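Engineer: everything below, folded, please.
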Amino acid sequence: MKKSLISTALLTAVIGMTSCSSKEKEATAEETKPVSVVIATPSGNNGSGIQLSGKLESENTANISTRVMGYISSIRVKVGDRVQKGALLATISSNDIQAKKAQAVAMITAAEAAFKNAAKDYNRFQALHKQQSASDKEMENITLQYTAAKSNLEAARQGLKEVNAMLSYTNITAPFSGVITQKLADEGSMANPGMPLLILEQNGLLRLSATVSERDINQIKKGDLTQVEIKSIGKSFRGKITELSPSSQATGGQYVVKIAIPANEQKGLLSGMYANATVAGKSTETAKTVSIQVPVASIVNRDQLTGLYVVSDKNKASLRWVRLGKVTGDQVEVLSGLNANERFVLSAEEKLYNGVKVVEKK
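Structural biologist: Numbers count the residues shown, from 1 in each chain. Below you'll find the model as predicted:
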């Protein structure tokens, strides 16, 4: 009986200690300082039109390359240089082509000598044949020799033209006046036929090259007005669709749209800037689909998964896995996993974890 009373007392003490420990942990959890965070809500299409995204480009851009193989002996320009049409941009080593040219010249000299000799024989036998001092067979043979010599001379001359054409490819000139925007090779590198060496953009107006999905392609047409927005410089203006690609074979299911930018809006614009455009006046069900956009900086990557921290009504953060779409500038499209009215963490002063309490940074 005494042992039973002792056991009961010990059990009661253990339960009491456990209860006190739990209360202490709860008190500690309640006293944990909230993490200061920047909270944002998704941006996206509000249903007023079809959303396009892309970047600015020159109306005429050329990838400068060569048609011959050889070492690059010199590049006369650098990025940012303005060049005139016909200006020499780069040269390719041409020692082997120069040797072929010397051979072609020598072949022409030999062919000219053979042709002169054949012409003399032809003229002499033609006179003898008229005097019936040469047979028809002899005249026929001399005529064939003369024709062959003439053909050999013409072939040698055409060979020299071909070598000269190849030699001209070693001097790379500007096809139009413009600005060098990229330099893709250096002196001493090996140039291969078709390999871009420089990128030249023509002086003039910029345009917006954007893409549209197949679900929206039938809702827009050439001549439609658009509202163009460039967030990086806070500029907004109206544009007009001038080109509409009929195929997405080479663009991964996206159709390319070219949007003209008015001349008076070109100031401050640079090639390569990201821009969004809304096709005005579209009210179809397809156009009303909301496209949720969030900053790329808010995305959390864990192995092959992507997510972000959403904030509950009780100001607690929890990691939500999402499926992402196309990236446009510093924004990425969220295809699933996030509602348009949910709050999420844009940045945090400390490390976040599921269930941590957050407070919005002022």
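
Engineer: can you give me the strands in the stretch 51-200 of the chain?
Structural biologist: Using DSSP state E, counting those that start in this stretch, the strands of the stretch 51-200 of the chain run over 61-64, 70-75, 82-83, 88-92, 171-173, 178-183, 190-191, 198-202.

Engineer: just the residues contacting the first one, thanks.
Structural biologist: Same thing as strand 61-64. Here strand 61-64 makes contact (Cβ atoms under 8 Å, 6 or more residues apart in numbering) with 89-90, 172, 174-176, 178, 181, 196-202. Yep, even glycine has a C-beta here, placed from its N, CA and C like the rest.

Engineer: returning to that earlier point: most tightly packed of the strands of the stretch 51-200 of the chain?
Structural biologist: strand 198-202 (a mean of 21; mean count of other Cβ atoms under 10 Å).

Engineer: just the CA coordinates for it, please, in CSV.
Structural biologist: Provided in CSV are the C-alpha atoms of strand 198-202 (Å, rounded to 0.1, in the frame of the first residue of the first chain):
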residue,chain,number,x,y,z
LEU,A,198,29.3,41.7,-84.7
ILE,A,199,25.7,42.9,-84.4
LEU,A,200,24.8,46.1,-86.2
GLU,A,201,21.6,48.0,-85.5
GLN,A,202,20.4,50.6,-87.9
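
Engineer: quick one: that strand to strand 70-75, angle?
Structural biologist: Interaxial angle, strand 198-202 versus strand 70-75 (axes from the mean of the first three to the mean of the last three Cα atoms, to 10 degrees): 50 degrees.

Engineer: quick one: Gly188 and Ile72 touch, right?
Structural biologist: Yes - shown here, Gly188 and Ile72 form a contact pair, counting by Cβ atoms under 8 Å, at 6.5 Å.

Engineer: now for the contacts of strand 61-64: which two are most distant?
Structural biologist: Farthest pair in the contacts of strand 61-64 (Cβ to Cβ) is Ala90 and Gln202. Separation: 18.5 Å.

Engineer: which ones are touching Ile259?
Structural biologist: Leu52, Arg207, Leu208, Ser209, Ala210, Thr226, Val228, Gly239, Lys240, Ile241, Thr242, Ala277.

Engineer: for the fourth one, grab the count of nearby residues.
Structural biologist: If I follow you right, that is Ser209. A count of neighbours around Ser209, defined by other Cβ atoms under 10 Å, yields 18.

Engineer: make sure it is actually in contact with Gly54.
Structural biologist: Yes - using Cβ under 8 Å, Ser209 is in contact with Gly54, at 5.0 Å.

Engineer: touching both of the two, which residues are there?
Structural biologist: Val257.

Engineer: pLDDT below threshold where in the stretch 201-350 of the chain?
Structural biologist: By pLDDT under 70, the weakly predicted segments of the stretch 201-350 of the chain are 252, 280-291.

Engineer: repeat the analysis, applying 80 as the threshold.
Structural biologist: Filtered on pLDDT under 80, the stretch 201-350 of the chain yields the residue ranges 203-204, 213-215, 248-254, 280-292, 326-329, 335-336, 339-341.
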